[in-house]
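[1] Using only what follows, build the 3D model:
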Amino acid sequence: MKLVLLFGPQAVGKMTVGQEVEKATGLKLFHNHMTIELLQPFFGFTDEMWRLSTLMREEIFEAFAKSDQEGMIFTFMWAFNEQEDWDWVEKVEAIFESNGAEVYFVELESDLEVRLERNKTENRLQHKPSKRNVEDSEKRLLASLDRLRLNSREGEIHKEHYLKINNTSLTPGETAKKIIEVFKLTKAFEN
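    Numbers count the residues shown, from 1 in each chain. A predicted model of the protein is given here:
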């Protein structure tokens, strides 16, 4: 079992890169908006929505980690200036590792101008209805710059399997290929 934690700021391309990794490896993509889009129409972007989303994700992780699946790709935003995010990542890592899984950390970063363009892509809007109000989505993206640090500092992440990719000028396929090659993800399916 493998868990690929794919993280970075909004509109950096996490879901789209995850889709490419899923196609090439067979790992199941669980992008963070799968729970958000279910709950947001009922609760908005409130503390209650986030609480329920976290509960659902953790239950899915627990069940999946015990399954006979090959693995999962999970996309999310990691606020490096928030201790609770560090604690939550440790918890998810422990869920999978306690069931014998290998955990891979992949961080994406990209220039702000590129992220603002990606925020409007057809694929993003198709899979994330809450982003279809592009003006509001862009406003939330820009507002987060003042309060959240969504990319790590050099040397901040100390994990055996860690890769940081600046995908400003890379296609989702090129980014996915790097991830697959560095972590040799296809071998699990070729053997």
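[2] which residues in the protein form helices?
    Assigned by DSSP state H, the helices in the chain fall at 14-25, 33-43, 47-65, 83-97, 112-118, 122-127, 134-147, 172-183, 187-190.
[3] hey, which of those helices is tucked in deepest?
    Among these, helix 14-25 has the highest mean neighbour count (mean count of other CB atoms under 10 Å), at a mean of 22. C-beta coordinates here come from the backbone N, C-alpha and C atoms, glycine included.
[4] So what touches that one?
    Helix 14-25 has contacts (CB atoms under 8 Å, 6 or more residues apart in numbering) with 4, 6-8, 27-29, 31-33, 70-71, 73, 75-76, 108, 121, 123-124, 127-128, 167, 172-173, 175-177, 179-180, 185-186, 188-189.
[5] do the same with stretch 47-55
    Applying CB under 8 Å, 6+ apart, the contact partners of stretch 47-55 are Thr35, Ile36, Leu39, Gln40, Phe42, Phe43, Trp88.
[6] Quick check: bridge partners of the residue nearest to Glu93 when sequence neighbours are not counted?
    Closest residue in space to Glu93, ignoring its immediate chain neighbours: Val103 at 5.0 Å, by CB to CB, 6 or more residues apart in numbering. Assessed by DSSP bridges, Val103 has beta-bridge partners Leu3.
[7] okay, Val103: pLDDT?
    We have a pLDDT of 98 for Val103.
[8] okay, which residue is most central for the protein?
    With distances taken as CA atoms, centre = their mean, Thr75 lies nearest the centre of the chain, 1.5 Å away.
[9] where does this structure dip in pLDDT?
    Residue ranges of the chain with pLDDT under 70: 187-191.
[10] change it to 80
    The chain contains residues with pLDDT under 80 at 121, 123-126, 129-132, 186-191.
[11] From Lys2, how far out is the closest residue in space to Asn99 that isn't next to it in sequence?
    Computed as CB to CB, 6+ apart, the closest residue to Asn99 that is not its neighbour in sequence is Ala65, at 4.0 Å. Distance, Ala65 to Lys2, by CB to CB, to the nearest Å: 11 Å.
[12] Next, show the common contact partners of those two.
    Here Ala65 and Lys2 share the contacting residues Ala101, scored by CB under 8 Å, 6+ apart.
[13] about what we covered before: how many other residues sit next to the residue nearest to Glu93?
    Val103: 21 surrounding residues under other CB atoms under 10 Å.
[14] So that it lines up with my notes, have the first residue be 50 from now on.
    Fine by me, first position is 50 from now on; the one you just mentioned is Val152.
[15] tally of neighbours for the closest residue to Trp127 other than its chain neighbours?
    The shortest distance from Trp127 to any non-neighbouring residue, by CB to CB, 6+ apart, is to Phe56 (4.5 Å). Neighbours of Phe56 under the rule other CB under 10 Å: 23.
[16] roughly how far apart are Lys169 and Phe56?
    Lys169 is 21 Å from Phe56, by CB to CB.
[17] For Trp137, list the residues it contacts.
    Going by CB under 8 Å, 6+ apart, Trp137 touches Thr103.
[18] Please consider this matter closed, and thank you.
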